[in-house]
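Engineer: sharing a sequence plus its predicted fold:
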Amino acid sequence: MGAHRDGHRQSRRSRRPRRPAHPHRRHSGGAERRDRPGLQRRKTHRLHEGRRDLHRSRYRGRQSRIRGVDLRPDPRLYRYQRGLPFLNPGAPENIIARTPRLFLRKLAAGDDRILQPLANDWEVVRQTARLPFPFGAFEARNFVDEALHAARHGKEMVFAVLRQHDQAFTGLIGLVLDTAPVEIGYWLGQKYWGQGYASEAVPAVMRYAQDSLKCRKLDAIVFEDNHVSARLLIKCGFWFLEQWEEDIPERGGLKTLCRYQWRAE
């Protein structure tokens, strides 16, 4: 304790208290932490913002030595590379349409070997009007031959629905051209149900029919108990037109069929 101005010694209580340190003034960047609580400082005194910055810092030293086209992988594209056609070198031929996850190409000779295991399933066949059951190798060859013959004579067009990232054969979709209006039909293998592939393939073929074939109307015929296809058609812009009963022995006798129709605006 030192002497005061009037000669008296200053008491301990009268001494001016020391100003406490500001709670946010820290050497570790407290102001930035208060504003951005989820970020942490790295050894380089830069805020680390996630995998993108870590990737950039890792390649920053090499960037100056690289000349020409930058072919380094970018983590930001990993999710999308499979869906980008120009990054997929194995795109098949005769593609008529692309969707975010699918290729649609014309049916080709030799597709019967891929087609047969998917179509040899009663749960698939019972919702179609043309596929026989059982669907063996002989039936598959006949089906492909008849489809190609009809395509050459302008009666129908059948397209294979392929998954982009592995080109898996998921099913068929087609247009019957010798009816007025043109009819659209489709089926997928059972293991590809519930994944939204038909919701991509049907609008793609509708656009193809409208742009390339100049179709102003499309019809689709489904069994009354095929509620999944009926909901899909309504989702794609079709509306219910009529229903009738027809005897189809291959499908168990008398069946009720429903016609849905789409019209271009």
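Structural biologist: Nice, thanks for sending it over.
Engineer: strands of the stretch 101-250 of the chain, residue ranges please.
Structural biologist: Taking DSSP state E, counting those that start in this stretch, the strands of the stretch 101-250 of the chain run over residues 102-106, 156-163, 169-176, 182-188, 217-223, 239-248.
Engineer: and the gap between the residue nearest to Ala230 when sequence neighbours are not counted and Gln243?
Structural biologist: Residue nearest to Ala230 in three dimensions, not counting chain neighbours: Val222, with 5.8 Å by CB to CB, 6 or more residues apart in numbering. C-beta coordinates here come from the backbone N, C-alpha and C atoms, glycine included. From Val222 across to Gln243, the span is 10 Å (CB to CB, to the nearest Å).
Engineer: remind me which residues of the chain are low pLDDT?
Structural biologist: Confidence mapping of the chain against pLDDT under 70 gives the ranges 1-93.
Engineer: coming back round to it: who's the residue nearest to Ala230 bridged to?
Structural biologist: Cys258 (DSSP bridges).
Engineer: hang on, the earlier thing: dump the strands of the stretch 101-250 of the chain to CSV, plus distance to Gly136 and mean neighbour count.
Structural biologist: Listed next are those as CSV, based on distance: least, CB to CB, whole Å; neighbours: other CB atoms under 10 Å:
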stretch, distance to Gly136, mean neighbour count
strand 102-106, 24, 21
strand 156-163, 19, 22
strand 169-176, 17, 22
strand 182-188, 17, 20
strand 217-223, 24, 20
strand 239-248, 21, 11
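Engineer: take those and write them to a markdown table, including distance to Pro134.
Structural biologist: Below are those laid out as a markdown table (distance: least, CB to CB, whole Å):
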| stretch | distance to Pro134 |
| --- | --- |
| strand 102-106 | 26 |
| strand 156-163 | 21 |
| strand 169-176 | 18 |
| strand 182-188 | 16 |
| strand 217-223 | 20 |
| strand 239-248 | 17 |
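Engineer: ok, the residue nearest to Ala230 touching Leu257?
Structural biologist: Yes. Using CB atoms under 8 Å, Val222 makes contact with Leu257 at a distance of 7.2 Å.
Engineer: any idea which of the strands of the stretch 101-250 of the chain gets closest to Val205?
Structural biologist: strand 169-176 (5.4 Å; CB to CB).
Engineer: can you give me the angle the closest one makes with strand 156-163?
Structural biologist: 160 degrees (axes from the mean of the first three to the mean of the last three CA atoms, to 10 degrees).
Engineer: just to revisit the earlier point, which residues do Val222 and Gln243 both contact?
Structural biologist: Leu257, Cys258 (CB atoms under 8 Å, 6 or more residues apart in numbering).
Engineer: against Ile184, how distant is Gly253?
Structural biologist: 26 Å.
Engineer: wait, what's in contact with Ala109?
Structural biologist: Val144, Leu148.
Engineer: for it, give its distance to Lys235.
Structural biologist: From Ala109 across to Lys235, the span is 34 Å (CB to CB).
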